[in-house]
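Provide a 3D model corresponding to the input given below.
(one chain, ligands or ions: 1)
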Amino acid sequence: MRTEALALSDVTIDLRQQRILESIHLDVEPGSFTCLLGPSGCGKTTLLRAIAGFTPLSRGDIRLGSKSITHLPPEKRQTAMVFQSYALWPHMSVGDNLGYPLKLRGIPRPERQQRVAEILARLELSGFESRAVTQLSGGQRQRVALGRALIIDPPLLLLDEPLSNLDAAIRRSLRGELRRLQKSLGITTIMVTHDQEEALQMADQIVLMRAGEIVQIASPQHLYQHPADLNAARFLGVDNTVTGREHDPHSAIGAAIFGFRTRDALINTAPNKAALTRKGRVNDCVYTGDGYQVSLTAEGEELCATATSPIALGTFVTLQVPESALIPFGPDERQLPPLDRHEDIA
Ligand SMILES: Nc1ncnc2c1ncn2[C@@H]1O[C@H](COP(=O)(O)OP(=O)(O)OP(=O)(O)O)[C@@H](O)[C@H]1O
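Residues are numbered from 1 along each chain as shown. Alright, predicted model coming up:
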């Protein structure tokens, strides 16, 4: 399998006189898995289509390995794309669907058969060759679609929400399968998703997008712990914000706002001087399976926390969030650098 780096510089796209993507710069390491993540309409699919060659650039350059592919038509880029809707040919068998791209390239039947058998084995679909695609489950169809993309040995695999049509259990198992396959082939892969959990589980690097621009490029761990701004944090499940007060942790560096996740905010735990602490009255308490989610009003702010046992409405409680789970933001709603980097900005 060939594998190539991808580099986008100043990629800008206007469609119908509207700016859809603004000056996108992105480097993708050979053999890595990159997720384009962001809310609906932020331009993820447009960016993927631009890389595949279906949407022309208004400005900028796309390089695959050492070559610019900006002006190449899709079929000359040799990238392979898999869509949300499997786009298989319903009148063909699994084997014929897989072999079709090879047939188009004039590869003789014996070699085609061998490569189809190899890819079926990789996808754990051996024995399905003559099955009609209409007799496959959604997950199996998507594996065939993936196989059909990979059979031409492309240097770059582009995936447009490939798992979003599948039900939750299949989606979870296919995530792992797809990632293992990608790693074993070492193919440079870019996947569009609006599902943060999917991106966090699968990606080497996540490109967080908003309104046609890149907000942040980071590893899953970094993005989760250090989202660039409050809006990015909210997209990554930071569902609480409080105004910073004088004696809060991080206050020395001037945090105007703290963000934290409900699961990190605990009710009535042993006092911890290093934690952010708020006191308030319980408005609601619901069972979540893992415990109880408690809503409270604390010093005029609505907050959500976790408790191990039910708490009666109206009870006065103490909420604590350990310092390690706090995300500090400045007055401009941009994240303040992590504590271990304060000396860098002093
Ligand atoms: N052919 C087109 N002509 C004009 N505008 C378009 C065209 N295609 C997409 N857009 C607009 O570009 C913006 C980005 O669309 P795009 O499909 O890339 O977003 P997305 O992040 O992939 O969204 P989703 O997750 O909903 O698929 C949207 O505002 C969309 O309406």
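
What residues does the chain have near the ligand?
15-16, 18, 20, 38, 40-46, 194 (CB under 6 Å from any ligand atom). C-beta: built from backbone N, CA, C; applies to glycine.

Three-state assignment for the residue most central in space within the chain, please.
Compute the mean C-alpha point of the chain, and by CA atoms, centre = their mean the closest residue is A199, 2.5 Å away. Local secondary structure at A199 is given as helix here, using DSSP: H, G, I helix; E, B strand; the rest coil.

State whether it and P220 are indeed in contact, as I suppose.
Yes: contact criterion CB atoms under 8 Å: A199 and P220 qualify, at 7.0 Å.

what touches both of these two?
In terms of CB atoms under 8 Å, 6 or more residues apart in numbering, A199 and P220 are both contacted by the residues I206.

The stretch 1-150 of the chain: strands as residue ranges?
6-15, 18-28, 33-37, 59-64, 67-68, 79-82 (DSSP state E, counting those that start in this stretch).

Now do the contacts for the closest residue to the ligand within the stretch 151-300 of the chain.
Nearest to the ligand, among the residues of the stretch 151-300 of the chain, is H194, at 4.9 Å (CB to the nearest ligand atom). Listed by CB under 8 Å, 6+ apart, the contact set of H194 reads 37-40, 44, 161.

ok, 7 Å please
Listed by CB atoms under 7 Å, 6 or more residues apart in numbering, the contact set of H194 reads 37-40.

same question, G99
Contacts of G99 (CB under 7 Å, 6+ apart): 112, 116.

Quick check: pLDDT value at it.
pLDDT, G99: 93.

With the ligand as the reference, measure out to it.
Distance of G99 to the ligand, given as CB to the nearest ligand atom, to the nearest Å: 31 Å.

likewise D27?
The value you get for D27 to the ligand, if CB to the nearest ligand atom is used, is 21 Å.

What's opposite that residue in the beta bridge?
A7 (DSSP bridges).

does it really touch S9, like I thought?
No: counting by CB atoms under 7 Å, D27 sits too far from S9 to count as a contact (9.1 Å).

Let me see the domain layout of the protein.
Using automatic domain parsing, the domain ranges for the chain come out as 6-231, 238-345.

Of these, flag the one that's most buried.
domain 6-231 (a mean of 18; mean count of other CB atoms under 10 Å).

From the opening residue of it to its closing one, how far?
Chord length of domain 6-231, first to last residue, is 28 Å (CA to CA, to the nearest Å).

just the helices in the stretch 1-150 of the chain please.
44-52, 74-77, 94-104, 109-122, 138-150 (DSSP state H, counting those that start in this stretch).

Which elements pack onto the last one?
Going back to what we said before, that points to helix 138-150. strand 79-82, helix 94-104, helix 168-185 (3 or more CB pairs under 7 Å, 6 or more residues apart in numbering; DSSP states H and E).

how much space is there between the residue nearest to the centre of the chain and Q17?
With distances taken as CB to CB, to the nearest Å, A199 is found 31 Å from Q17.

Also G254?
To Q17, G254 is 43 Å away according to CB to CB.

returning to that earlier point: list the contacts of the residue nearest to the centre of the chain.
Residues counted as contacts of A199 (CB under 7 Å, 6+ apart) are 35, 37, 193, 206, 220.

Could you list the low-pLDDT ranges of the protein?
Filtered on pLDDT under 70, the chain yields the residue ranges 1-2, 86, 251-252, 338-346.
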